[in-house]
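S.K.: This is the structure alone, sequence omitted:
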């Protein structure tokens, strides 16, 4: 690959921290394959976490000559062993011979030297950034910003976890790149994924930011952004796509805006082995709303997705972002163009290549950018650190500056996620930081302990709980948390969401649940008794078949009830629809009227919904007992008529909350069938004047104190109409328990159908009632005149 010119700021004298960044751990002959400890987190960053007062390079050299011991140390928590100690900076966050290139026989440590030079320049900029903290703003010219972006990208790329699998052909995440990797290895004569990784590390180091972006712009002009994204996510990467890694760099540089976050006073950022380039948050169900880089206990550089820019707000669907850091509001830099122009943006240029040419030009190089430093609250700082802690691996490590600050953070994290693997990994750390191991270990195993001591003035118990929801969503979207069924997954998210503080994810779900709930409630008579009572809790798990049938039925059903369902194919979109369904069902199951309305929406509804509850609930037993009494007494004297009895039994069997018994099941199924036939299929066949009369009368309520004569006439006429409907079979005559229950279910369903018709198809019901003899003075609804007198 052709060596490019290095477009970097003019070098400054090597003083202070910048000079220290240049130091290599040892200086053997560059030609000899000797062991050298090589860092993936630079020394100049680790020195900002140094235990004790910082020493100048001259002071460190004098102490080393006097004692033979490296005088630089940091706190180091080894997660695997659960030990906390102080270790030399020269022996942590690195791997022996990490960057040695055996193919470069002239200098196997050449890449380490190139990295040291890049670190020296980055260290100078970051030193200036720390000096600018009191002003609250920091200005960078374009070349310095490009160098810092390049440093951050390479910081992520050089991470120890990347080198082994970044270009591994048979890695599951490299399926679409496999052909390209194999072709590249053959063309360049490299033998392993690690050698490709070193090859492109050299490319990133030797090539200026501007030239890498020009390489990427060539790909964009040839294939288009959408075409490249489709290659990466859906199809395959062509073998001849030599500059494919340049596009990865381009995505990192163009897809995120640069922001500077400062820890709250009294709080500090922490680092781990993977805290450089760690992604956080979701954008439309895809990872990486943020890329975080902790560069000191005071400062983190955060790359935030460009879609979250304030000027993009109108283009974003609510709920598209999922993150624990959404309440942090960094602002993009204010550009100052050397030409004096305003409003210069990507859309100003005709192509990606023309934009790349401008940015690499002398004129573009004189542009500068003013960054407002975002000062976090104490709670926001802890939430940021929680992202680091959630991602700590069993074989990982942690480093921090202050033991007191780390203890507070660990306590808060442990209290929040008690019982989780991530919190268990911190148990030994908390014990050692507290210096009271026995008492602390005892206290740590009481997950119910109050959160109050670990919170501060700008937080309360609910402001942290949503971290649990966030972690679960991350695990689901990345596939690291699996469930047997979609229902099991949605139910778990719902239960955690109930306890979480308000989030955009939960707010959108609650808004759509409220819409559907109100439609169901308005369609039934007011029944305040029992509302809000948990008649039967939803099962936490159901079969895969039942889960599939539930969502296939409920998602379209909720759309018909007025809820806006996403209907998307992304993991987060599907999950949001499914959690909306479960949330609605949980609320509906605590309101008898709403559950009745839902169960009568379709003949299939009751079969599907009854699987959500345990068999033989208390309500089921009550229904069975009541129906047995009614059968044994034949015609109980407490009812004025058969209609009165059917009306009352409907309230017990159909409007008493979720049930699983066959009587309620048959009632719901028949009522839904009658409503479907009479209320919908026959609507267009009404003669005048009924066809032009209003259909809706929301406040209509059945008159249940009906005399027996009117009751018999009503049931006789309704059963005659029902016999003409396709699929309806009246219950057979007889005096057995089965025959009696069948007759009662028929009459309960007729009452249910009449109640629905009176509210929603009143013109059709008036057509039926006007056929009754006017001399009967028949009355079906309260507070209305008898039929025939109007």
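M.R.: Thanks, I have it. Computed from a predicted model, the values in this text were never measured in an experiment.
S.K.: can you give me the strands in the stretch 451-600 of the chain?
M.R.: In the stretch 451-600 of the chain, no strands are found when defined by DSSP state E, counting those that start in this stretch.
S.K.: Could you measure from the most centrally placed residue in the chain over to residue 321?
M.R.: Ranked by distance to the mean C-alpha position of the chain (CA atoms, centre = their mean), the top residue is residue 473 at 4.0 Å. Distance, residue 473 to residue 321, using CB to CB, to the nearest Å: 11 Å. Where you see a C-beta, it was placed from the backbone N, CA and C, and this is true even at glycine.
S.K.: Name the residues contacting each of the two.
M.R.: Listed as contacting both residue 473 and residue 321 by CB atoms under 8 Å, 6 or more residues apart in numbering are residue 282.
S.K.: The residue nearest to residue 485 when sequence neighbours are not counted and residue 610: what is the separation?
M.R.: Distances taken as CB to CB, 6 or more residues apart in numbering put residue 547 closest to residue 485, at 3.9 Å, once the chain neighbours are dropped. Distance, residue 547 to residue 610, using CB to CB: 14 Å.
S.K.: Which parts of the stretch 51-200 of the chain are helices?
M.R.: 57-67, 110-131, 142-157, 160-163, 178-188, 193-206 (DSSP state H, counting those that start in this stretch).
S.K.: Name the helix or strand for residue 731, please.
M.R.: Taking DSSP states H and E as the definition, residue 731 sits outside all helices and strands.
S.K.: Same drill for residue 547 and residue 610, tell me which one is more crowded.
M.R.: Higher neighbour count among residue 547 and residue 610: residue 547, with 22 against 19, using other CB atoms under 10 Å.
S.K.: OK, contacts around that one?
M.R.: Per CB under 8 Å, 6+ apart, neighbours of residue 547: 485-488.
S.K.: of all the residues you listed, which comes closest to residue 172?
M.R.: Nearest to residue 172 out of the contacts of residue 547 is residue 486 (CB to CB; 22.5 Å).
S.K.: wait, what's in contact with that closest one?
M.R.: 547-548, 551, 574, 578.
S.K.: Show me which of the residues you listed are buried.
M.R.: Among the contacts of residue 486, those buried by neighbour count (16 or more other CB atoms under 10 Å) are 547, 551, 574, 578.
S.K.: Including distance to residue 717 and pLDDT, could these go into TSV?
M.R.: Listed next are these as TSV, based on distance: CB to CB, whole Å; pLDDT from 0 to 100:
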residue	distance to residue 717	pLDDT
547	43	95
551	40	95
574	48	88
578	44	95
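S.K.: Which two of those residues have the greatest separation?
M.R.: Spatial extent of those (CB to CB) is set by the pair 547 and 574 at 12.3 Å.
S.K.: ok so, going back, which non-adjacent residue is nearest the residue nearest to the centre of the chain?
M.R.: Distances taken as CB to CB, 6+ apart put residue 322 closest to residue 473, at 5.5 Å, once the chain neighbours are dropped.
S.K.: Please look at that neighbour and residue 282 and confirm they touch.
M.R.: Yes - taking contacts as CB atoms under 8 Å, residue 322 lies within contact range of residue 282: 4.2 Å.
S.K.: Identify the contacts common to the two.
M.R.: With CB under 8 Å, 6+ apart as the test, residue 322 and residue 282 both reach 289, 473, 572.
S.K.: Confidence-wise, which helix or strand of the chain is lowest on average?
M.R.: Among the helical and strand segments of the chain, the one scoring lowest on mean pLDDT, DSSP states H and E is helix 437-444, with a mean of 40.
S.K.: Just the buried residues of the helix ranked longest in the chain, please?
M.R.: Criterion DSSP state H: the longest helix present in the chain is helix 737-760. Within helix 737-760, the residues that count as buried by 16+ other CB under 10 Å are 740-760.
S.K.: list the contacts for the closest residue to residue 588 other than its chain neighbours?
M.R.: The shortest distance from residue 588 to any non-neighbouring residue, by CB to CB, 6+ apart, is to residue 594 (4.5 Å). Residues near residue 594 by CB under 8 Å, 6+ apart: 517, 520-521, 524, 587-588.
S.K.: any idea of the angle the next helix or strand after the longest helix of the chain forms with helix 737-760?
M.R.: Going down the chain from helix 737-760, the next helix or strand is helix 762-769, by DSSP H and E. Between the axis of helix 762-769 and that of helix 737-760 there is an angle of 130 degrees, by axes from the mean of the first three to the mean of the last three CA atoms, to 10 degrees.
S.K.: got the contact list for helix 762-769?
M.R.: The contact list for helix 762-769, computed with CB under 8 Å, 6+ apart, reads 678-679, 682-683, 686-687, 690-691, 693-697, 700, 717-718, 721, 754, 757-758, 778, 780, 787.
S.K.: Would you reformat the contacts of residue 486 as a markdown table and include distance to residue 659?
M.R.: Shown next, in a markdown table, are those (distance: CB to CB, whole Å):
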| residue | distance to residue 659 |
| --- | --- |
| 547 | 21 |
| 548 | 23 |
| 551 | 22 |
| 574 | 30 |
| 578 | 24 |
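S.K.: Nearest to residue 87 among those?
M.R.: Once CB to CB is applied, the member of those that ends up nearest residue 87 is residue 574, at 45.9 Å.
S.K.: how far away is the spatially closest residue to the closest one that is not a sequence neighbour from residue 285?
M.R.: Distances taken as CB to CB, 6+ apart place residue 568 nearest to residue 574, at 6.9 Å, with adjacent residues excluded. To residue 285, residue 568 is 8 Å away according to CB to CB.
S.K.: Counting neighbours, go ahead and name the busier of those two.
M.R.: Taking neighbours as other CB under 10 Å, residue 568 and residue 285 compare with residue 285 leading, 20 against 14.
S.K.: Tally up the residues packed near residue 191, please.
M.R.: Neighbour tally, residue 191, other CB under 10 Å: 10.
S.K.: Am I right that it is in contact with residue 199?
M.R.: No - Residue 191 is beyond contact range of residue 199, at 11.3 Å (criterion: CB under 8 Å).
S.K.: related to what we said a few turns ago, now the longest helix of the chain, how far from the centre of its chain.
M.R.: 45 Å (CA atoms, centre = their mean, to the nearest Å).
S.K.: now, among the buried ones among the contacts of residue 486, which is nearest to residue 662?
M.R.: For the buried ones among the contacts of residue 486, the nearest to residue 662 is residue 547 (23.2 Å; CB to CB).
S.K.: before we move on, back to that, which one of the contacts of residue 594 sits closest to residue 110?
M.R.: Nearest to residue 110 among those: residue 587, at 64.8 Å, using CB to CB.
S.K.: just checking, residue 367 touches residue 143?
M.R.: No - assessed by CB under 8 Å, residue 367 is found out of contact with residue 143, at 9.4 Å.
S.K.: Can you tell me how far residue 134 is from residue 381?
M.R.: 18 Å.
S.K.: So between those two, which is more surrounded?
M.R.: Each of residue 134 and residue 381 has its neighbours counted (other CB under 10 Å); residue 381 has more, 24 against 7.
S.K.: what about that one, helix or strand, and which?
M.R.: Element membership for residue 381, per DSSP H and E: helix 378-390.
S.K.: which other helices and strands contact the very next helix or strand once past that helix?
M.R.: Later in the chain than helix 378-390, the nearest helix or strand by DSSP H and E is strand 397-399. Here strand 397-399 touches strand 73-78, strand 271-272, going by 3 or more CB pairs under 8 Å, 6 or more residues apart in numbering; DSSP states H and E.
S.K.: highest average neighbour count across these?
M.R.: strand 271-272 (a mean of 25; mean count of other CB atoms under 10 Å).
S.K.: what lines up beside that strand in the sheet?
M.R.: Strand pairing for strand 271-272, using DSSP bridges, gives strand 397-399 (antiparallel).
S.K.: Quick one: mean pLDDT for the partner strand?
M.R.: Averaged across strand 397-399, pLDDT comes to 96.
S.K.: How about stretch 741-760?
M.R.: Across stretch 741-760, the average pLDDT comes to 88.
S.K.: So which bits of stretch 317-324 are buried?
M.R.: 319-324.
S.K.: Inside strands: which ones of those residues?
M.R.: Applying DSSP state E to the buried residues of stretch 317-324, the entries found in strands are 321-322.
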